[in-house]
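Enquirer: attaching a predicted model along with its sequence, questions to come.
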Amino acid sequence: ETKPSKKRRVLLKLSGEAFGAGSLGVNPDVISALAREIAEAAKTVEIAIVVGGGNFFRGAELSQRGMDRGRADYMGMLGTVMNALALQDFLEQAGAETRVQSAIAMTQVAEPYIPRRAERHLEKGRVVIFGAGAGLPYFSTDTVAAQRALEIGADIVLVAKNGVDGVYSADPRTDPDARKIDHITYQDALQRGLKVVDSTAFSLCMDNGMPMQVFGMAPHGNVTAAILGADLGTLVSN
Ligand code: UDP
């Protein structure tokens, strides 16, 4: 038996949206800035990351345009791997040690997803990036973030948002009375119909007592602060 490390361990969810599109597919400036924030926090906190792929493909959208849903979802998962590699590159430039683990076998590019090995990497101070989602169509990377957090024993799921800094009582873009919520229970969030992450991710966390912190990526420094444990955005817990 291995001794569990006493360090804080977090699962950071980064949506593909954050990686920016543009003519290159990804935005190196954005990823580089994010990577520097993560590398800074990795000096003291064990960090695993689930990356989305919405900047490339979303399976549901492609299937609405006539593609088979399963095939479209696999394209979505492959998109997350490209983001994972981009993030790995900039993390290493920022001085962090990293490993990418993919839920779809592609051994030239990434290790296979092996949860116990991922934990060993974390204990050695490596940032572990999980690509290819769950390897299963009809799942989202939000759900994968919840599942991976549970499986590797993370203390919390940190959901970094683009363009919003937490959970609001209503949609802040349309309702002037919308107010940011500092802390809410999963039960209350469900009852009030607040969309935090998708419902599968939400119920996995709720049923297994995994807390979730939803916060804004901006301004620069927020991602480091959230990883280190700052009280930013909204805490959702039981
Ligand atoms: N996807 C999937 N199974 C998974 C994770 C992702 O099929 O376990 C596909 C799905 O098509 C999804 C796409 O990959 O639309 C990109 O992931 P997601 O939409 O979660 O990315 P994000 O919105 O976070 O950028």
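Expert: That came in fine, so what should we check first?

Enquirer: what's the helix or strand for Phe147?
Expert: For the record, residue 147 is Gln, not Phe. Applying DSSP states H and E as the criterion places Gln147 in helix 141-151.

Enquirer: near the ligand at all, that helix?
Expert: Yes - using Cβ under 6 Å from any ligand atom, helix 141-151 comes into contact with the ligand via 141-142, 144. Yep, even glycine has a C-beta here, placed from its N, CA and C like the rest.

Enquirer: any buried residues in that helix, and which?
Expert: 141-150 (16 or more other Cβ atoms under 10 Å).

Enquirer: ok, stretch 41-48 next?
Expert: Residues of stretch 41-48 classed as buried: 41-42, 45-48 (neighbour count, 16+ other Cβ under 10 Å).

Enquirer: which residues of this structure lie near the ligand?
Expert: Counting by Cβ under 6 Å from any ligand atom, the chain sits next to the ligand at 15-17, 52-54, 58-60, 73, 76-77, 79-80, 133-134, 136-137, 139-142, 144.

Enquirer: just the buried members of these?
Expert: Judged by 16+ other Cβ under 10 Å, buried ones among these: 15-16, 52-54, 58-59, 73, 76-77, 79-80, 133-134, 137, 139-142, 144.

Enquirer: which positions in the helix or strand in which Arg36 is found come out as buried?
Expert: Assigned by DSSP H and E, Arg36 falls within helix 28-41. Neighbour counts over helix 28-41 (16+ other Cβ under 10 Å) mark 30-41 as buried.

Enquirer: try stretch 180-199
Expert: Quick answer for stretch 180-199 (16+ other Cβ under 10 Å): 181, 184, 186, 189, 194, 196-197.

Enquirer: what's it in contact with?
Expert: For stretch 180-199, contacts defined as Cβ atoms under 8 Å, 6 or more residues apart in numbering pick out 13, 140, 142-143, 145-146, 159, 165-169, 172, 202, 205-206, 212, 214, 233-238.

Enquirer: these in strands, which ones?
Expert: 13, 159, 167-168, 212, 214, 234-237 (DSSP state E).

Enquirer: got the residues of helix 141-151 next to the ligand as a markdown table, with pLDDT columns?
Expert: Compiled in a markdown table, the residues of helix 141-151 next to the ligand are given as follows (pLDDT from 0 to 100):
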| residue | pLDDT |
| --- | --- |
| Thr141 | 97 |
| Asp142 | 96 |
| Val144 | 98 |
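
Enquirer: tabulate those (TSV), appending distance to Leu122.
Expert: Listed next are the residues of helix 141-151 next to the ligand as TSV, based on distance: Cβ to Cβ, whole Å:
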residue	distance to Leu122
Thr141	19
Asp142	21
Val144	17
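
Enquirer: which one of the residues you listed is nearest the ligand?
Expert: Minimum distance to the ligand across those is 3.3 Å, recorded for Thr141 (Cβ to the nearest ligand atom).
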